[in-house]
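>>> Sequence and predicted structure below; questions after.
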Amino acid sequence: MIDETHDGTARSWVASANGHCDFPIQNLPFGIVSSKGSKPWAGTAIGDYVLDLHAAAAAGLLSGAAGRAVAAMAGGTLNGFFALGPAPRRDLRRQLFALLLVGSKHRAATEQLLKPLSECVACLPAQIGDYTDFFVGIHHAMNVGRVFRPDQPLLPNYKYVPIGYHGRASSVVVSGTTIKRPRGQVRPSPDAPPRYEPSRRLDYELELGLWLGEGNELGATLSVAQAHERIVGLSLLNDWSARDVQAWENQPLGPFLSKSFATTVSPWVVTAEALAPFRIPQPSRPPGDPQPLSYLLDAADQAGGALDIELEVTLASPAMERMGLGPATLCRSNASHMYWTAAQIVTHHASNGCNLRPGDLIGTGTISGPDVLSCGALIERTRGGVEPVMLPGGESRLFIEDGDRIFLSGRCSRAGFATIGFGPCEGRIVPSPLAS
């Protein structure tokens, strides 16, 4: 639904929200932060600032359904807010837009409730009960399949079933958290027994994270249309992966310790409402591909269930930072390369009666494009660790080394609308604490 909050000409009295930034007045993402030793509190990002939503409600600046929505954000988590469904969220968005718009009669009162983003510490936006990671990037599936299964890179079920696995919610961390290099069983060659050691083939995965709102009862299913309403919003997501551990443990039950050591998400939930102008038709399937089964097929979802989100991965090594060099771009891709829509994967998740709950997190899987510069993981970009990527300053990489910082970014652009972004999603790799 496009309304006044998407007006591309609208400007905020917060000056930093009107330039080249991730958080113009047309975005208004929600998150949890802390500041100056305070307990975590709910806010919305605007330009270079965060508006304290609890303080705004207490000052009488947010009323009705919007005030109740903020009340549901108590306790340093957005779970209660997510559970309310889309109507209160939309009302809160519209009232925030009016407060922050140029000419607002409440500017003076609202301005007192802004805190600089630079002085706030980002927290996870919700208490994550469950985390599931999917595999909807068909180019990634083909590329990784060629590494692990050269004779059959894409298994026959891929074009019928949105493939996923249950991840580890306890190891999901917010952007900026350092990541310790994991240890695991690694088989150095087909003729040698495995060894327990630090992973030498550490990788990133460029993904989006879907935050769920209203759930479904155990035993109940969701239509695609219902699933669409359950998606509160999106964040960036980096599913760190130990490829050498993965290669040894993957059969027969799939990823386990190669993935569960850490997953990084960006702290701001860019709402479904903010993303409305950037919805596009789901790309047509290639000739010969099967149509989705009936429970996964919805005409409205096919007409506007995909998203046009520009995605990028960059890397900064310690040597590059010492030389004053900026991060090197490793990947540029787009969310439109997803083989299944966000609503389809939520529908499939609940199709056996699995009960989804507010605050559940779903990863899309790596979103790669059709060429080498759009590969969303190093295992693809380096052809399985064979062809190194050259970095500024003369370094090269097959996989991530200690001290490297990985940055994910995402932006949405469309003529006539304001460009919006997702904020930071980054992590630095530090050595394994048990390394000899």
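Nice, thanks for sending it over.

>>> Help me confirm that residue 118 is found in a helix?
Yes - note on residue 118: a helix contains this position according to DSSP: H, G, I helix; E, B strand; the rest coil.

>>> Pull the contacting residues for it.
residue 48 (C-beta atoms under 8 Å, 6 or more residues apart in numbering). Any C-beta I mention is one placed from the backbone N, CA and C, and that applies to glycine too.

>>> Kindly report the same for residue 154.
138, 141, 142, 145 are the contacts of residue 154 under C-beta under 8 Å, 6+ apart.

>>> how about the second one, phi and psi?
Just to be clear, that refers to residue 141. Phi and psi for residue 141, reported as degrees, to the nearest 10, are phi -60, psi -40.

>>> Please name the residues that touch it.
Contacts of residue 141 by C-beta under 8 Å, 6+ apart are 135, 153, 154, 158, 163, 339, 365.

>>> Drop anything exposed from the residues you listed.
Neighbour-count burial (16 or more other C-beta atoms under 10 Å) applied to these gives 135, 158, 163, 339, 365.

>>> Between those, which sits nearest residue 41?
residue 365 (32.7 Å; C-beta to C-beta).

>>> Flag every buried residue along the strand or helix carrying residue 142.
Residue 142 belongs to helix 138-148 when assigned by DSSP states H and E. Buried residues in helix 138-148, counted by 16+ other C-beta under 10 Å: 138, 139, 140, 141, 143, 144, 145, 146, 147.

>>> Contacts only, for the third one.
If I follow you right, that is residue 140. So residue 140 contacts 205, 365, 366, 367, 368, 375, 376, 377, 380 (C-beta under 8 Å, 6+ apart).

>>> quick one on the thing from earlier: I'd like the contacts of residue 141 as TSV, with secondary structure and distance to residue 384 appended.
Below are those laid out as TSV (DSSP: H, G, I helix; E, B strand; the rest coil; distance: C-beta to C-beta, whole Å):
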residue	secondary structure	distance to residue 384
135	coil	18
153	coil	12
154	coil	16
158	coil	19
163	coil	20
339	coil	22
365	coil	18
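
>>> Closest one of those residues to residue 355?
Using C-beta to C-beta, the contacts of residue 141 come closest to residue 355 at residue 163, 20.6 Å.

>>> Now that closest one. Nearest residue, chain neighbours left out?
residue 135 (4.2 Å; C-beta to C-beta, 6 or more residues apart in numbering).

>>> outside of the longest helix anywhere in the chain, which residues touch it?
Counting residues, the longest helix found in the chain (DSSP state H) is helix 86-100. Contacts to helix 86-100, defined as C-beta under 8 Å, 6+ apart, come from residues 1, 3-5, 10, 12-14, 17, 25, 28, 44, 46, 51, 56, 61-66, 68-70, 72, 81, 104, 106, 110, 213, 229, 232, 271-274.

>>> out of the residues you listed, which are inside strands?
44, 46, 51, 232, 271 (DSSP state E).

>>> State the pLDDT value of the fourth one.
What that stands for is residue 232. Looking at residue 232, its pLDDT stands at 98.

>>> How many neighbouring residues does it have?
As a burial measure, residue 232 scores 28 neighbours (other C-beta atoms under 10 Å).

>>> what's near enough to touch it?
82, 89, 211, 212, 213, 269, 271, 272 are the contacts of residue 232 under C-beta under 8 Å, 6+ apart.

>>> What is the nearest of those to residue 309?
When those are compared against residue 309 (criterion: C-beta to C-beta), the nearest one is residue 272, at 12.8 Å.

>>> Could you measure from residue 14 over to residue 177?
Distance, residue 14 to residue 177, using C-beta to C-beta, to the nearest Å: 28 Å.

>>> Next secondary structure after the helix holding residue 142?
That would be, after helix 138-148 and using DSSP H and E, strand 164-166.

>>> On the C-terminal side of that next one, identify the next helix or strand.
strand 172-174.

>>> Listing partners with orientation, what would you give for that next one?
strand 263-265 (parallel) (DSSP bridges).

>>> Give me the buried positions along the strand it pairs with.
Buried-residue list, strand 263-265, by 16+ other C-beta under 10 Å: 263, 264, 265.

>>> next one: stretch 248-263
Applying 16+ other C-beta under 10 Å to stretch 248-263 flags 248, 249, 255, 257, 258, 259, 260, 261, 262, 263 as buried.

>>> still on that earlier bit, quick check: the farthest pair among the contacts of residue 141?
153 and 365 (15.3 Å).
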